Each structure stands twice: as C-alpha cells, then as structure tokens.
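**Student:** Take a look and give me a structure for this.
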Amino acid sequence: MLFNYAIGTFLTRTAKKSLLTFGIIVNLGALGYFKYMDFFISNINLISTHDIPLLYLTLPLAISSFTFQQIAYLVDSYKGQTQAYSPLHYAMFVTFFPQLIAGPIVHHREMMPQFMDSTNKSLDYNNIAIGLFIFSIGFFKKVAIADSLGQYVDAGFANPGGLSTLESWATSIGYSLQLYFDFSGYADMATGAALLFNIKLPANFNSPYKALDIQDFWKKWHITLGRFFKSYVYIPLRGNRRGDCQTLTNLFCVALISGLWHGAGWTFVVWGALHGGAMVLHRMWSIYFKHNVFKMIRTLTNVDFTHQFSTFKNILAWFTTITFVHLAFVFFRADSIKTANIIIAKMFFLTSVEESKIFASTERVSFIILVVLGCTIALTPRNSLSYLDEYRPRYGYFFVALMCAGIVMQFLRIDAPEFLYFNF
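**Tutor:** Model prediction:
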C-alpha cells in the first residue's frame, strides 16, 4: 500500500511513463512470484532434466484482487484521473474487509468518495435492513446450496473413472452451480456487510446463467473483473480500433489472461483459451455470418426467422451458451487436463458405460434433486441485487431473511468449506 500510494502520488505530479511502468512491473512481479513461481518451476522440471525444488510459497491474502485494484489506481494517476486522497482513505480502499478476499474488484472512483462522505458516518437503518436482507440471501446461497452440492462434486472429481454417464453430467453441472452460488453468495454477503457501513459495492453478478451468448455471459459473470480487463488490458491493446483481425486477437488474449489470473495451472490456461475461442467465434458470427444466415433462411423459406421464431432462437442461443460455459467449467474445476477429459468423455458416451462406484442410489437421487433445485433457483427468480434500488422495509423481506437464516442454521457446520474463490 505504501509503495503504490507513493508511486501514485508522484504520478499525479509528474506523469512519467517510466514510473508507471516500474509500478506495474513491481505489482505484477509480486503477484507472479507468489502465485506462479511453483507453476513455472514445475514446468521447467517437466521439459528439462532439472529437479528444482518447489518453493511452496504461502499466497498473501487477496493478492489477486488488490494487485488489480492498485494497478488501476496507478494507471488513473498517470492519466490525471485521481484526486489527492489521504493515506487513510487509500488504505481503506485497498483493505476494505467485506470485499477484500474475493471481490468485487472495486475502483477508486466509486469507493473513495464514499469514504470521504461525512454523512456515511451516521447510522442508516434502511441500509442496515437491506444489508441484512442481501447478506442472508448470500449466506443461504453459500451454505445451503453451494456447500451441499460441493460434497458430491468433490467426490465425483476425485474419482472420475467411477462415474456413470448420468453422474458425470450431474457432477459437472453441480460444479457450475456450486461455483455460481458460492461466488455470487460471497458477493451478496460482501454487499450486505458493506451496506451496514453505508458503503455501496458495485454489482458482480447479474444472473449469468440466463445469458444468450458468451459476450452476454461475461457482462453478467464477475462483472468487475471483466470491467478491469476491458479498461486496462483490452482498450490499451487498441480494442477494436485496428481492424477485425486485431480485435479477435485482443479478445482471445484477454480471455487467456483471465484464465491465468484465476490460477497457476494448465487447466486454467485451457479454460481461458476455450473462452477466448468462444469470444472470437461469437464476434465472427455477429459480424460475418449472422445476417447472411438469417437472410438465406428467409430467402429459402419465406419466413422471417429473426421475428417469427424469436423465442426458439433465444432458447437455442441460451442452450448453446450455457452448454459451452458448463463444459468449460469442467477444466476450471479438474485437478488435471486428464481428469477433465475423462469426465467429458463419460458425459458423451465415449467410454464404456459402467455402474457407479462412487454414489449409492440414495446419494445419487439426493444429488440429482439438488442439481435440479439449483438450476431452478439460478434460472427463475430475480437477481438478489435487483432489490437494492427498490428496497423498502417490509414484513415479507423480514420473513425471507429469517427463513434463509433458519435454513442456513440447519446446514451450517464447524468444518464448513471456505469460499471457492479464496483459492484464486
């Protein structure tokens, strides 16, 4: 914090590009050393005859998030877009505890004014009410849904060879749901906790599993991470201003970097590359093929597919998007590419069908019921954060919060697993 605050202060006065470059290199160097050094060493050992011992470094708390927040601060200081913030306010910006560990990745322009607003130092009972309501929903998502799914998902990914085809689908879909409810649950809890202090955090999820294309998915999933990559990676690479070929390359690179940001492993590289390829294909479809395909269908059938079959088109678009996202998450979760390939092969009958070696019949039924319930909750209700702007204390909200808390108490245990994004 002291280093970045000092560099940022100097940048507002001098705006030297060399100083900005130095600051970014130091931040990325620290992140790279702690998060990726063992990954680098293990790959050196793999392709050479060396046997360099791994360092087994302890990852500093929240380094992935606060590194990006401070890089954004340095870049904006260089551009003259920051104010003369006090060291205390800057420290609060970096270490604000509700969102510190797993986001949302906040921006100084949306946080500093709130810290400096004297009216935020008084109790606001409406904020306390909505904060507790949103917190209870997030708590329910994490403990009642994500953790309940997690025990089955962990068993499935630990022994993929013992899964039947049905269980492979349940395990992979279960992880997609577990990750969503775990991460969005954390975001809701962070938002609710921050409101107790009259601080409003930016939205990080907006019902991403309702997305109709891959671009729409990334506008709804981990919104603040996507915002960072767009502002500080995609646009500096000239975005879409240097022709279609460069635009496609930039899209792929940003997705690949996003994969690497999530973890030091080839599974994350594959996941990022898959999303990069999907972004490229979606862009090419939108620019070159979409109009021509619909025009050809209209010419051959004399039917305006885009209007008369808009519902069918949306269902097909949603199904294609969510299937891809779901299959890509198999690589995101698996401990190796081999494990991911086994599960995907089982899902599509590419291996021999065998009886389950993992789940008993009652466990299998419970797991499938949980998956169906999770899909229903993810796809049908309003997004929890949609209540923020229209919330007024009502008995209905009170009973929903009370019900969520009561259900959570039935599932809560001392050895409850940590949030998944604590790993990243």
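
**Student:** and the nearest residue to Tyr56 once chain neighbours are set aside, how many residues sit next to it?
**Tutor:** Counting by CB to CB, 6 or more residues apart in numbering, Tyr56 lies nearest to Asp38, which is 6.8 Å off, once chain neighbours are set aside. (Glycine included, C-beta is placed from N, CA and C.) Neighbouring residues of Asp38 were enumerated by other CB atoms under 10 Å; the total is 16.

**Student:** what's the following helix or strand after the helix or strand harbouring Asp38?
**Tutor:** Take DSSP states H and E as the rule and Asp38 turns out to sit in helix 17-47. Going down the chain from helix 17-47, the next helix or strand is helix 63-78, by DSSP H and E.

**Student:** Centre of the chain to the next helix-or-strand element following that next one, how far?
**Tutor:** Going down the chain from helix 63-78, the next helix or strand is helix 87-95, by DSSP H and E. In terms of CA atoms, centre = their mean, to the nearest Å, the centre of helix 87-95 is found 24 Å from the chain centre.

**Student:** Pull the CA coordinates from helix 87-95 and hand them back as CSV.
**Tutor:** What follows is helix 87-95 as a C-alpha-only set of coordinates in CSV (Å, rounded to 0.1, in the frame of the first residue of the first chain):
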residue,chain,number,x,y,z
PRO,A,87,-3.3,7.7,3.1
LEU,A,88,-6.1,6.5,5.4
HIS,A,89,-8.7,6.6,2.6
TYR,A,90,-6.3,4.8,0.3
ALA,A,91,-5.6,2.1,2.9
MET,A,92,-9.4,1.7,3.3
PHE,A,93,-9.8,1.4,-0.4
VAL,A,94,-7.2,-1.4,-0.6
THR,A,95,-8.2,-3.3,2.5
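
**Student:** Quick one: list the elements packing against whichever helix or strand comes after that helix.
**Tutor:** Counting by DSSP H and E, the element after helix 87-95 in chain order, helix or strand, is helix 108-116. Here helix 108-116 touches helix 63-78, helix 87-95, going by 3 or more CB pairs under 8 Å, 6 or more residues apart in numbering; DSSP states H and E.

**Student:** Quick check: mean pLDDT of helix 108-116?
**Tutor:** The average pLDDT for helix 108-116 rounds to 92.

**Student:** Give the next helix or strand downstream of it.
**Tutor:** Following helix 108-116 in sequence order, the next helix or strand is helix 125-140 (DSSP H and E).

**Student:** which of the residues in that next one are buried?
**Tutor:** For helix 125-140, a neighbour-count test (16 or more other CB atoms under 10 Å) marks 127-140 as buried.

**Student:** now, which of these sits nearest Ile407?
**Tutor:** Nearest to Ile407 out of the buried residues of helix 125-140 is Phe140 (CB to CB; 6.1 Å).

**Student:** worst-scoring helix or strand of the protein, pLDDT-wise?
**Tutor:** helix 305-308 (a mean of 60; mean pLDDT, DSSP states H and E).

**Student:** quick one on the thing from earlier: tell me which of the helices and strands packed on helix 108-116 sits nearest to Glu363.
**Tutor:** Closest approach to Glu363 among the helices and strands packed on helix 108-116 is made by helix 63-78 (34.7 Å; CB to CB).

**Student:** now that closest one against helix 108-116, angle please.
**Tutor:** Between the axes of helix 63-78 and helix 108-116, defined by axes from the mean of the first three to the mean of the last three CA atoms, to 10 degrees, the angle is 90 degrees.

**Student:** neighbouring contacts of helix 63-78?
**Tutor:** With CB atoms under 8 Å, 6 or more residues apart in numbering as the contact definition, helix 63-78 has outside contacts at 1, 4, 7-9, 11-12, 15, 17, 19-20, 23-24, 27-28, 30-31, 34-35, 82, 90, 93-95, 99-103, 105-109, 225, 228, 231-232, 261, 424.

**Student:** and what of stretch 227-247?
**Tutor:** By CB under 8 Å, 6+ apart, the residues outside stretch 227-247 that reach it are 68, 71-72, 75, 105, 107, 250-251, 253-254, 257-258, 283, 287.

**Student:** one more time with 7 Å
**Tutor:** With CB atoms under 7 Å, 6 or more residues apart in numbering as the test, stretch 227-247 has contacts from 68, 71-72, 75, 105, 250, 253-254, 257-258, 283, 287.
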